[in-house]
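Student: only geometry, no sequence info:
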């Protein structure tokens, strides 16, 4: 295992502008409000700085967790014993490339991106208003809601390749599908994205966004910490409907509970632990499988600590 204190000193010397924190609680970085400290937390401010930091971590053999807004992440209570590379606010630039094309840093929230588009009377991203994740995570998992998906408007993605170089590929080459892309499960790190939109009526765009926000508030347990939809939509059905038909609303393990408002959400009802959530998820999977013969696949990214 690397000497992370020494690695932090080396990173500070090589990259004086890089923000580095030690023993940063992951519970403060994840929407579930669960997770112990990360030994090192790195918050790069640019794609180049991110690439340099990632290269140093790889060269040192550091266990590295890359994440963005932490809205789809479940981290163990003992934390992450390695380095966590957080693509967040320092990499959240939004700018117009031309009248209908927007560049977004991977750390920008999807909500901020949708608002930026609306401010410039550009339509196509209304569905993203209210999705709690970041642009980087949205590209990786082809985020979507209310009939829209990232793949509908994505023109290209900027990323750090396995060799440490910053590259770009058109959306057509990323094999974007339901909650997946070529970035899913890979060691490549998205640093930005370009979106091609359409001119629209600003008032109509804002009205549609307001309508979708009200739908979310009415149907989702936004008042509780969660990681959004807990399971992916299975072929030929909906996870929430299956869970509901099994009578699992309100089922709890410790502080984790199936939302009584929306069966597709496992929420932190108070003091939930990693063990509570994972045990509840297994119980849901077993009961749904027993009734429907369908094994639900987690949409939440469950982090397992590296083996000693």
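Tutor: Everything's here; your move. Every value quoted in this text rests on a predicted model; they were computed, and no experiment measured them.
Student: Give me the most central residue, this structure.
Tutor: residue 137 (4.2 Å; CA atoms, centre = their mean).
Student: List phi and psi for the residue lying closest to residue 248 once chain neighbours are set aside.
Tutor: Closest residue to residue 248 apart from its sequence neighbours, by CB to CB, 6 or more residues apart in numbering: residue 258 at 4.9 Å. C-betas here are computed from N, CA, C, even on glycine. Main-chain torsions, residue 258, degrees, to the nearest 10: phi -70, psi 120.
Student: and what of residue 92?
Tutor: Main-chain torsions, residue 92, degrees, to the nearest 10: phi -120, psi 20.
Student: thinking it is in contact with residue 111, fair?
Tutor: No: the criterion here is CB atoms under 8 Å, and residue 92 misses it with residue 111 at 11.4 Å.
Student: Any idea what residue 134 is bridged to?
Tutor: residue 109 (DSSP bridges).
Student: Tell me which residues touch it, please.
Tutor: By CB atoms under 8 Å, 6 or more residues apart in numbering, residue 134 lies in contact with 68, 69, 71, 87, 88, 106, 107, 108, 109, 110.
Student: Which of these fall within helices?
Tutor: Those of those mapping onto helices are residue 110, per DSSP state H.
Student: I'd like to know which of the contacts of residue 134 is nearest to residue 32.
Tutor: residue 71 (8.7 Å; CB to CB).
Student: I figured the closest one was touching residue 136, is that so?
Tutor: No: counting by CB under 8 Å, residue 71 sits too far from residue 136 to count as a contact (11.5 Å).
Student: who's more crowded, those two?
Tutor: Comparing residue 71 with residue 136 by neighbour count (other CB atoms under 10 Å), the higher total belongs to residue 136, at 31 against 22.
Student: and the helix or strand hosting that one, what does it pack onto?
Tutor: Assigned by DSSP states H and E, residue 136 belongs to helix 135-140. Here helix 135-140 is seen to pack against helix 110-119, strand 189-196 when contacts are counted using 3 or more CB pairs under 8 Å, 6 or more residues apart in numbering; DSSP states H and E.
Student: Any chance of the ones you listed in CSV with mean pLDDT and mean neighbour count as columns?
Tutor: As requested, the helices and strands packed on helix 135-140 are exported to CSV (pLDDT from 0 to 100; neighbours: other CB atoms under 10 Å):
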stretch, mean pLDDT, mean neighbour count
helix 110-119, 97, 21
strand 189-196, 98, 24
